[in-house]
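Based on what follows, work out the 3D shape:
(chains A, B, C and D)
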4 protein chains.
Amino acid sequence: MVAPHSPVEIWELDDPVLEPGSVLLETVASEVCGTDVHLFHGQLSGVPYPIIPGHVSVGKILEAPGVEADALGNPLEPGDVVTFYDVHETCWSCYHCLVARQPNRCPSRKVYGITYSVEEGLLGGWAEQIYLKPGVKVFKIPKGVTADQVIGGGCGLFTGFAAVDRARPELGDTVLVQGAGPVGLSAAAFAGLGGASAVFMIGAPESRLELGRSFGVDEAFHLDETTPEERKDRILEKTGGRGVDVVIEAAGHSSAVPEGLDLMRDGGKYVIVGHYSDVGSIPVNPHLDINRKHAEVLGQWGTGFHHLTRALTLLARHSEKLPLQNIVGKKYSLDEANEALADVEHLRVTKALITP
Amino acid sequence: MVAPHSPVEIWELDDPVLEPGSVLLETVASEVCGTDVHLFHGQLSGVPYPIIPGHVSVGKILEAPGVEADALGNPLEPGDVVTFYDVHETCWSCYHCLVARQPNRCPSRKVYGITYSVEEGLLGGWAEQIYLKPGVKVFKIPKGVTADQVIGGGCGLFTGFAAVDRARPELGDTVLVQGAGPVGLSAAAFAGLGGASAVFMIGAPESRLELGRSFGVDEAFHLDETTPEERKDRILEKTGGRGVDVVIEAAGHSSAVPEGLDLMRDGGKYVIVGHYSDVGSIPVNPHLDINRKHAEVLGQWGTGFHHLTRALTLLARHSEKLPLQNIVGKKYSLDEANEALADVEHLRVTKALITP
Amino acid sequence: MVAPHSPVEIWELDDPVLEPGSVLLETVASEVCGTDVHLFHGQLSGVPYPIIPGHVSVGKILEAPGVEADALGNPLEPGDVVTFYDVHETCWSCYHCLVARQPNRCPSRKVYGITYSVEEGLLGGWAEQIYLKPGVKVFKIPKGVTADQVIGGGCGLFTGFAAVDRARPELGDTVLVQGAGPVGLSAAAFAGLGGASAVFMIGAPESRLELGRSFGVDEAFHLDETTPEERKDRILEKTGGRGVDVVIEAAGHSSAVPEGLDLMRDGGKYVIVGHYSDVGSIPVNPHLDINRKHAEVLGQWGTGFHHLTRALTLLARHSEKLPLQNIVGKKYSLDEANEALADVEHLRVTKALITP
Amino acid sequence: MVAPHSPVEIWELDDPVLEPGSVLLETVASEVCGTDVHLFHGQLSGVPYPIIPGHVSVGKILEAPGVEADALGNPLEPGDVVTFYDVHETCWSCYHCLVARQPNRCPSRKVYGITYSVEEGLLGGWAEQIYLKPGVKVFKIPKGVTADQVIGGGCGLFTGFAAVDRARPELGDTVLVQGAGPVGLSAAAFAGLGGASAVFMIGAPESRLELGRSFGVDEAFHLDETTPEERKDRILEKTGGRGVDVVIEAAGHSSAVPEGLDLMRDGGKYVIVGHYSDVGSIPVNPHLDINRKHAEVLGQWGTGFHHLTRALTLLARHSEKLPLQNIVGKKYSLDEANEALADVEHLRVTKALITP
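Residues are numbered from 1 along each chain as shown, chains lettered A, B, ... in the order given. This is a model prediction of the structure:
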């Protein structure tokens, strides 16, 4: 990705010099997601174009000098299929890393596929090889999980997981997910696997709701084919007139927030995870929406490496129940990257996958 | 209080018949607070006028048939000075009481001084005697604490305590309290006693800020004599450029919310406890204010009996450091109740006290 | 049950007089569990023999004067099949109920089938009818769940659920359950439904381990046919050499505790829920077992009504995956009660069920 | 410290070569504590003698190439007085660092004054200068806090703080600390500053109890001059017959554990922080001590950098109330190190301080 609005080009780069502790991967698959569309339109600040996009990727180990095991102690050798935590160089030195213990708010984070110039090396997934600098956290894909499943979930898999983890529903809680994109689908799946007694979803189009149902959603409402009143009536009917215990906003539309707060029971929790970019403000009534409701409204920003390992470990146990590969609409070769970007932008596919 | 907008009248009532488990108190003091002003203006729904106002009160036991100890096991006998939990008849049967374990959202709650008609008996504090029905939770005022201190704090004492308890700051967190009324003063005091490393306050008038400083506020900003920019600069300077860890909104003005969210650090907590009535909506940006900030926004509605006992027990240990009696502007006899209401409404006193 | 060690007799009692708020049930099934064996041997103190045993029961509503809905708001009418929370009259007045918010440690609790003399009425499940006093919490059996499933789980269902709730494992944690009785089987099932990435079990006999596997246990170790070393080797192998994140002791044998602490990883959690009676002391090394391990050892005593409703609500979602009815070894009529007691005592059945 | 049991010697070492990101300190003071006595007797495994002892130290910055601020953002320059987190090189790569988020159990930790051979440089506090390798976390001593206070508290200051943080008492809880050494004194002080309504202490000798009282202990029991029965009677009397909410074991004697569990109320918390070395096992009854008590027993191992910064920040607010410098029995020059060790071993001083 040479510059915003320019077509993606294929460049030939030098072979990387491997430092001790680094890992060189042959790319198996890399994700194309909404963030890449934002990158293409120059909507993120501080991006050192030209860059190699692709932040969540799966690869096969070519060489790993001095690396004997992943962060969980699984032994590693050439040929093993792994993924890695794209956010790295968390500083472990600042207030957020050490005192608040919220490294997801560390101001020094670097992200593969986003914050690295192509001059710094093979630091993005849309390439035949990926160079993992020493310290990048690698995780061996658990047995029973496929590369397509991991990338089918992609960054949404981990973000959706993190949203459920942030809410920490109690066993038996009811959960509503707003949004049926990759984040919403993942949140719904993990809410169900994590002990929800009922999982509702509001979203569109129907094909995504169908995916949601296959991942464990008990009742899915089509955003355009049901009215807010119908949804509210039905949800109140299913929750003893109270509303759901936990709402997870993964829609990215401002209008979702007032509806979500309204469908949450008094004393419930509301996780806002879908607003990764600024789409404007909404009116909130501090008395009615927060104070009197005794509400808990939680932003979830980014993910931690533990979200990645926990999500994949849990996925391994329920691999058959979560055919995340079905989220992938289409696979593209490297020279079809521009087409992939366009398809994602125009919602022709939920998730696209680059397979170099 | 015969009806909204009518002057408070003094009525002569029959002596109550004491059921087993009830307690009859000789009123020592009862609070006049903003809620009473709301009652006077008919701004609360479902109030069965005529009523006896006065929800937080202190009394001396006259008779207590069959009651031998308070809820914490302190032995009780006639002459003991006690307070009681004005919110009672929490049903302990509904979803909120039992399953969510948030009895403060129980829909069946009854409140002394608010939800009882005068026909139901001496169920409010602006009277020479108060009849505590069986099941009303009594708590013996701990040694070293005076009735004036308890009523000086009043319901704000417990509400402010509950706000700090809701935030559960970590030891060494910095805390900002917005508002210098009884709730804000109490929140600031308990934030300091609870292990904050710095307590800031924004409010007015100066006399209340002065009270705040005497209760442990490290730096108080006059709402009208400092600009938002000055406050922000100073708070960032004192918090390593990050903002405070915990903000408690006890102002009751919508405009406090955006400023509070702005002064809270990334990953911080914001407790909204000052919006007990509807003063309108405010614009909130889900991306900037919640999601990207990884914020935790918590409404705190009402209090539990444990807030009352814990606040008073902690107050007993620090009695000298917390001269809450200084919040009381003036004491009034029963036949000065209308004057007391007017003085509270027009902010001529922070807290008024009826001493029958 | 006339007295300890005397055969259970069948008595004819008067029809109860129904107070407003009470519920009269026709008994569908009532549990026979280890506690009933303890009652038979006089091993519990303060039991007012003669009593009607049977603490967890399912019944059909005959009459319910003034009761229109259960605690969750589900409408009730004659013919509905319900269960109820056997522990009631929690005082909601003491330190544990109100200040510590741990009503399971309330000293005033009364338990159906245990603490009521037969003279007080039909207050136990081994009877054709059960009289639920006003205030006893009723819960309508959710659609899709059968009475056999509820009683098959029985009190163990709720106790096992409470143990998982006490541990609050994180999504993706590994869990080991020690013991394969009703409590252990339930804990294993809910650990899996609640998001564990792997569930191990140690117990006996093989038939119970087989039940465990059918409820979601990934790997079950026969207590007598594997050595502690073999179990440790295998568990370390499956957990990257660390041990499991959460261990739940539901064995009731002292020897389980040292093995459980040893199989728990550093920084893990250990829930002791199987020691409902005193079977002696064990040696614990405060340095090696607790301090250096940064361990969290949690006792779980009793259950709350929310455990009952949450367990059954979650069960309803996964009804087919949890054939708890298979725990029931045999059904007995009222006049076979002595036989049922003997079969449970001598482990001839895991769970017996009285169907009057 | 050349080898176990050999007298400490004074060696002349080369000036360190300063890497970018390192800090060179002129030692102001370094602690002599029980761990150093253990080191002297060779009771810790894996120590690469000869070493420079001294793990908690305060120094004045001589040079700090490329270091502009501490971890909290306070600007640093030569002459500033700082302390540092002695435990470093936490790997931020393993299961405990990343997935469990318990870096205090990271197996790769390195500790100044303990795990470094003298050949690796000036990596201990009993020296005229201390070399802080890049990545060692520095914290500027807050205004109002003296070096003597920090070292007076020493590692016990942070360990005691961590124990209170582990318990997270609720505001108004009662707390008992067992042990009156540096850890116990610190725990008692921070329990009080953190919102306990009463702080009890059991320990010896009287001089330390006197220090405890000056730090906020409400009632201190001399271990030898009161009987366990007397202590129990008194504590039950002061806690409504229930026992304390939170007990912190900082005694290091096995016998403290049974007494502590007994003095803890049902549903209370017990933190074991005093057993840093193995002094044998004790009998624990899983039924009576854990299960039926609904107990929470928590080991606290090591500390995090946040404990250091939070403890010192809170100390700064209450500097006058916590004259920790009074714990220091005596100051020693470098050539009196052997005498210091002997005085600490034989309890002639609570804390000794090396001032080169």
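
Report the central residue of chain A.
A:Gly156 (2.1 Å; CA atoms, centre = their mean).

Need the per-residue pLDDT for that one.
Predicted confidence (pLDDT) at A:Gly156: the value is 92.

ok, now which ones touch it?
A:33, A:181-183, A:185-186, A:327, A:351 (CB atoms under 8 Å, 6 or more residues apart in numbering or on different chains). C-betas here are computed from N, CA, C, even on glycine.

if you set the cut-off to 10 Å instead, what comes out?
Residues near A:Gly156 by CB atoms under 10 Å, 6 or more residues apart in numbering or on different chains: A:31, A:33-34, A:56, A:181-187, A:250, A:324, A:327, A:350-351.

Inside strands: which ones of the residues you listed?
Members of the contacts of A:Gly156 lying in strands (criterion: DSSP state E): A:31, A:351.

I'd like to know which of the contacts of A:Gly156 are buried.
Among the contacts of A:Gly156, those buried by neighbour count (16 or more other CB atoms under 10 Å in any protein chain shown) are A:31, A:33-34, A:56, A:181-187, A:250, A:324, A:327, A:350-351.

Where does confidence bottom out across the contacts of A:Gly156?
Lowest pLDDT among these: A:Thr350, 81.

State the distance from the nearest residue to that one once chain neighbours are set aside to chain D.
Excluding the flanking residues, the one nearest A:Thr350 by CB to CB, 6 or more residues apart in numbering or on different chains is A:Ile327, at 5.2 Å. As judged by CB to the nearest CB, to the nearest Å, A:Ile327 and chain D stand 25 Å apart.

Was I right to think A:Ile327 contacts A:Glu210?
No: under the criterion of CB atoms under 10 Å, A:Ile327 is not in contact with A:Glu210, lying 11.5 Å apart.

Report the backbone C-alpha coordinates of the helix or strand A:Asp148 falls within in PDB.
For A:Asp148, the host element (DSSP states H and E) is helix A:147-167. Output of helix A:147-167 as PDB, limited to C-alpha atoms (Å, rounded to 0.1, in the frame of the first residue of the first chain):
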ATOM      1  CA  ALA A 147      -5.800 -21.400   9.500                       C
ATOM      2  CA  ASP A 148      -9.100 -20.500   7.700                       C
ATOM      3  CA  GLN A 149     -10.900 -20.500  11.000                       C
ATOM      4  CA  VAL A 150      -8.400 -18.200  12.600                       C
ATOM      5  CA  ILE A 151      -8.400 -15.700   9.800                       C
ATOM      6  CA  GLY A 152     -12.200 -16.200   9.300                       C
ATOM      7  CA  GLY A 153     -12.400 -14.900  12.800                       C
ATOM      8  CA  GLY A 154      -9.400 -12.600  12.300                       C
ATOM      9  CA  CYS A 155      -9.000  -9.500  14.500                       C
ATOM     10  CA  GLY A 156     -12.700  -9.600  15.100                       C
ATOM     11  CA  LEU A 157     -12.300 -13.000  16.700                       C
ATOM     12  CA  PHE A 158     -10.000 -11.500  19.400                       C
ATOM     13  CA  THR A 159     -11.900  -8.200  19.700                       C
ATOM     14  CA  GLY A 160     -15.200 -10.000  20.200                       C
ATOM     15  CA  PHE A 161     -13.600 -12.300  22.700                       C
ATOM     16  CA  ALA A 162     -12.200  -9.300  24.500                       C
ATOM     17  CA  ALA A 163     -15.600  -7.700  24.700                       C
ATOM     18  CA  VAL A 164     -17.100 -10.700  26.400                       C
ATOM     19  CA  ASP A 165     -14.100 -10.900  28.700                       C
ATOM     20  CA  ARG A 166     -14.600  -7.200  29.600                       C
ATOM     21  CA  ALA A 167     -18.300  -7.800  30.500                       C
END
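
Downstream of that helix, the next helix or strand is which one?
strand A:174-178.

Tell me the strands beside that following strand, with direction?
Using DSSP bridges, strand A:174-178 pairs in its sheet with strand A:198-203 (parallel), strand A:244-249 (parallel).

coming back round to it: quick check: the closest residue to the residue nearest to the centre of chain A other than its chain neighbours vs chain D, distance?
Among residues not flanking A:Gly156 along the chain, A:Pro182 sits closest, at 2.7 Å (CB to CB, 6+ apart). Distance, A:Pro182 to chain D, by CB to the nearest CB: 23 Å.

ok, now A:Arg292?
Counting by CB to the nearest CB - A:Arg292 and chain D are separated by 24 Å.

Now that residue: closest residue in space, sequence neighbours ignored.
Of all residues apart from its sequence neighbours, B:Trp301 sits closest to A:Arg292 (CB to CB, 6+ apart), at 5.6 Å.

State the number of residues packed around that neighbour.
B:Trp301 is flanked by 23 other residues according to other CB atoms under 10 Å in any protein chain shown.

Over to the one 5 residues further on?
Close neighbours of B:His306, defined as other CB under 10 Å, add up to 23.

In this structure it contacts B:Asp165, no?
Yes: in this structure, B:His306 is within contact of B:Asp165 by CB under 10 Å, at 8.5 Å.

tell me, what's touching those two both at once?
B:158, D:170-172.

Which two among those are spaced furthest apart?
B:Phe158 and D:Glu170 (14.6 Å; CB to CB).

Looking at those two, which is more packed in?
Legend: neighbour count by other CB under 10 Å for B:Phe158 and D:Glu170, higher for B:Phe158 (30 against 20).

Give me the nearest residue to A:Val2, chain neighbours excluded.
A:Pro50 (4.5 Å).

residues touching that neighbour, list them.
A:1-3, A:6, A:8-9, A:11, A:117-119.

Could you do A:Tyr49 as well?
A:1-4, A:6, A:39, A:42, A:117-118.

between the residues you listed, which has the most around it?
Once you tally neighbours by other CB under 10 Å, A:Met1 ends up highest among the contacts of A:Tyr49, having 24 neighbours.

didn't it look like it was pressed against A:Pro53?
Yes: if you go by CB under 10 Å, A:Met1 and A:Pro53 touch, sitting 5.2 Å apart.

Run through the residues of the stretch 101-250 of chain A sitting next to chain C.
A:142, A:161, A:164-165, A:168-174, A:190-199, A:216, A:218, A:239-242 (CB under 10 Å from any CB of the partner chain).

What separation is there between the closest residue to A:Gly260 other than its chain neighbours and chain B?
In this structure, A:Gly260 finds its nearest non-sequential neighbour in A:Val247, 4.4 Å apart by CB to CB, 6+ apart. Taking CB to the nearest CB as the measure, A:Val247 falls 13 Å from chain B.

same check, this time on A:Gly192
Counting by CB to the nearest CB - A:Gly192 and chain B are separated by 20 Å.

same thing with A:Val183?
12 Å.

helix or strand right after the lowest-mean-pLDDT helix or strand in chain A?
Every helix and strand of chain A was ranked by mean pLDDT, DSSP states H and E. The lowest is strand A:87-88, at a mean of 71. Remark: after strand A:87-88, the chain's next helix or strand is strand A:110-111, criterion DSSP H and E.

now the helices: where do they sit in the stretch 251-356 of chain A?
Here the stretch 251-356 of chain A has its helices, by DSSP state H, counting those that start in this stretch, at A:256-263, A:305-317, A:337-345.

mind listing what A:Glu339 touches?
The neighbourhood of A:Glu339, defined by CB under 10 Å, 6+ apart, consists of A:8, A:32, A:330, A:332-333, A:348, A:352.
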